[in-house]
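Trainee: Any chance you can model this:
(2 chains)
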Amino acid sequence: MPAKKSLAMLLGSILALGSTQLMAAPTASMLADTCAGCHGTDGSSMGPAIPNIAGVSAEYFNTVMKEYAEDDRASTIMGRIARGYTTEEIALMADLYAAKKPKSTSQKLDAAKVAAGSKLYKKNCSKCHDEKGTLPDDDSGILASQWLTYLQYSMEDFQAGHREMPKKMKKKVKKLSAAEIEGLLQFFASQQ
Amino acid sequence: MTQIKRRDFIKIAGATAAISAIGFPSIAAAGGKKKVVIVGGGTGGATAARYIRRADPSVEVTLIEPNEHYYTCYMSNEVIGGARSLDSIKFGYDGLRKHGVTVVHDMVTGIDAKGKKVSTKGGKSFSYDRCIVAPGISFKDNIAGYDEAAHEKMPHAWKAGNQTALLHKQLGAMADGGTVLIAPPPNPFRCPPGPYERACQIGNYLKMNKPKSKILILDSKDKFSKQKLFTQAFERHYKGIIEWVPAKDTGGGIKSVDAAAGTATTGSGDKHNAAVTNIIPAQHAGKIAHTAGLTNDSGWCPVDHKTFESSIHKGIHVIGDAAIQKPMPKSGYAANSQAKATAAAVVDLVNGREPGTPSWVNTCYSIVAPADGISVAMVYNFVDGKVAKVKGSGGLTSMDSSPAERAREVQYAYSWYNNITNDAFGG
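Mentor: Residues are numbered from 1 along each chain as shown, chains lettered A, B, ... in the order given. Sure, this is the predicted structure:
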């Protein structure tokens, strides 16, 4: 019965189409827009404790989300969120945020501390955090114009051993005083 | 795959019919502007307006909201306890206007689903291709005697604004040694951790200003959101101040009030004459959802979870607290997240495209002391036609997280607040 068979095939192909549509991954913006509730529209944060994620490199985004999901990097909430996504979904969000332009933050900083930090920057940080921390290609988070409170939290985590530092950074940080580190964080936060 | 069940066949036929039904009018309307009308300017409505304009600036978006300002329910407990000002939770609509949204301050009185028209108290009529209804909640009459006049004596403060200010003022006027009675509502309701965060915020105020006073929570439930963490906070910060009593010990909590006499009576007949009484009534969808016939017997709005389109009236989407959105909670974050997924679906639909697969997140912070914050979070995906929790994701703040982590959660809550309100109202 060819007529019946072709009808079944037609229905089969519609069903296959239907199920692939249901199984399709959400788009990059569908996924990434859910971040904005905490990280700000397009990843530009308006709150000092939550970092800007606009413009971070895709490699950094992917790495960090994996570390959060596996509890290799300390967090209060990001581990719980990161475990909600597949590697492919995280990669979609990573590419989307890497293409966003970060907005400059407007925050109150201490000019004297910024000046002190600027003197220490070249010797201590510039080899990896190139161009005063403005480049996403160094595969750290965005440091330039990042919120000071977030930078302070990050440094606390590094120093407490809750977050791993690269060897070179560990050596440098060990030699710096608390005041010097604060100066460096203020310096990075002040960059536009 | 070779055998097609009858059930599946009907699904396919239905889906095909739906696609062609969508396809035709959009072709017919080609050339004309696509119009979306949004009813309600809270977090859900405002976010949807902004995100539709972001996705497709050719869509005309009209948001209709009676009030010129919106006070967020989230963070309003800090206003009650005195930690922040009422002005700090107040938002206008100029941010949305900057994004090209037409904001109309009027009250929607009817939605004609067949004629695709919204009518207002001011006598205006707005036609639409798609309508999004985000009306929040309204109160049920589950507590005898709790009428409009009683709201002014025993504030609910569950819609922020004047009610928030009133409860704050009553606490200020209370003598040291008084009792604050909180009567939380039965499930489901807006902001499940809210009544207990409120107890903490009031507890903090009393501890600093009126240390002989007490808070009595007479619940209409036997368990509640983030219960272990809140119980820990009551013990840790408010020992001897906050007492929580489950429904089973009082015959179901507060059942009636006599606002003039200042008394509230439980199901088992115990009459309480507290210095301050905060009645939070049972809830269902906001009024317009009932008027427009968008609710079912539960009093909430059933929706297709892929697009949040009403399962009762086609062409109308319901988002936020009013929608049946389980397992998502009725929270500001959920409303913001649903608004974005629905905005994307509506933009697809008005352009004659099949909507994509949605994704959602919820995050709720509760500030239980000045340096002690707790949270619940979850990632949701779309499985078998429904919102589902992504296995392995989400969960609560750990019971043994350090004071430093708890202090950070408070700061994260404040930063979250800046970001979500800016994301919704457009800064």
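Trainee: Report the contact partners of B:Gly110.
Mentor: The neighbours of B:Gly110, taking C-beta atoms under 8 Å, 6 or more residues apart in numbering or on different chains as the test, are B:Val118, B:Ser119, B:Thr291, B:Ala292. In short, each C-beta sits where N, CA and C put it, glycine included.
Trainee: Check the secondary structure at the closest residue in space to the second one that isn't next to it in sequence for me.
Mentor: This means B:Ser119. Sequence neighbours aside, B:Gly110 is the residue nearest to B:Ser119 in space, at 4.6 Å (criterion: C-beta to C-beta, 6 or more residues apart in numbering or on different chains). The three-state label given to B:Gly110 by DSSP: H, G, I helix; E, B strand; the rest coil is strand.
Trainee: so B:Asp321 makes contact with B:Arg190?
Mentor: Yes. In this structure B:Asp321 lies within contact range of B:Arg190 using C-beta atoms under 8 Å: 4.9 Å.
Trainee: any residues in contact with both of these two?
Mentor: Common neighbours of B:Asp321 and B:Arg190 (criterion: C-beta under 8 Å, 6+ apart): B:Gly136, B:Ile137, B:Gln283, B:Lys330.
Trainee: what's the burial count for B:Ser127?
Mentor: 13 (other C-beta atoms under 10 Å in any protein chain shown).
Trainee: And B:Lys140, how far from B:Asp384?
Mentor: 31 Å (C-beta to C-beta, to the nearest Å).
Trainee: what about the two, which has more around it?
Mentor: Of the pair B:Lys140 and B:Asp384, B:Lys140 is the one with more neighbours under other C-beta under 10 Å, namely 14 against 7.
Trainee: Provide a list of residues in contact with the more buried one.
Mentor: By C-beta under 8 Å, 6+ apart, the contact set of B:Lys140 is B:Pro281, B:Ala282, B:Gln283, B:His284, B:Gly299.
Trainee: Just give me the closest of these to chain A.
Mentor: Distances from chain A to the contacts of B:Lys140, taken as C-beta to the nearest C-beta, are shortest for B:Gln283 (22.9 Å).
Trainee: you'd agree the closest one is up against B:Cys191?
Mentor: No. Counting by C-beta under 8 Å, B:Gln283 sits too far from B:Cys191 to count as a contact (10.2 Å).
Trainee: follow-up on the earlier one: so B:Asp321 and B:Arg190 - more neighbours on which side?
Mentor: B:Asp321 (31 against 22).
Trainee: Not counting sequence-adjacent ones, nearest residue to that one?
Mentor: Nearest residue to B:Asp321 in three dimensions, chain neighbours excluded: B:Lys330, at 4.3 Å (C-beta to C-beta, 6+ apart).
Trainee: Surely the one you found is within a helix?
Mentor: No. Read with three-state DSSP, B:Lys330 is coil and lies in no helix.
Trainee: Now it: phi and psi?
Mentor: Per-residue torsions, B:Lys330: phi -80, psi 90 (degrees, to the nearest 10).
Trainee: before we move on, what about B:Val303?
Mentor: phi -140, psi 160.
Trainee: Repeat that for the one 5 residues further on.
Mentor: Note on B:Phe308: backbone dihedrals following degrees, to the nearest 10 are phi 60, psi 30.
Trainee: Verify the contact between it and B:Ile319 for me.
Mentor: Yes. Judged on C-beta under 8 Å, B:Phe308 makes contact with B:Ile319 at a distance of 5.2 Å.
Trainee: any shared contact partners between the two?
Mentor: Here B:Phe308 and B:Ile319 have B:Gln338, B:Thr342 as joint contacts, going by C-beta under 8 Å, 6+ apart.
Trainee: Neighbour count: the two, which is higher?
Mentor: Set B:Phe308 next to B:Ile319 and count neighbours by other C-beta under 10 Å: B:Ile319 wins out with 32 against 28.
Trainee: helices and strands of chain B: which one bottoms out on pLDDT?
Mentor: helix B:6-28 (a mean of 43; mean pLDDT, DSSP states H and E).
Trainee: what comes into contact with the next helix or strand after it?
Mentor: From helix B:6-28 onward toward the C-terminus, using DSSP states H and E, the following helix or strand is strand B:35-39. With contact meaning C-beta under 8 Å, 6+ apart, strand B:35-39 is reached by B:45, B:48-49, B:52, B:59-64, B:108, B:111, B:118, B:126-135, B:288, B:346, B:350.
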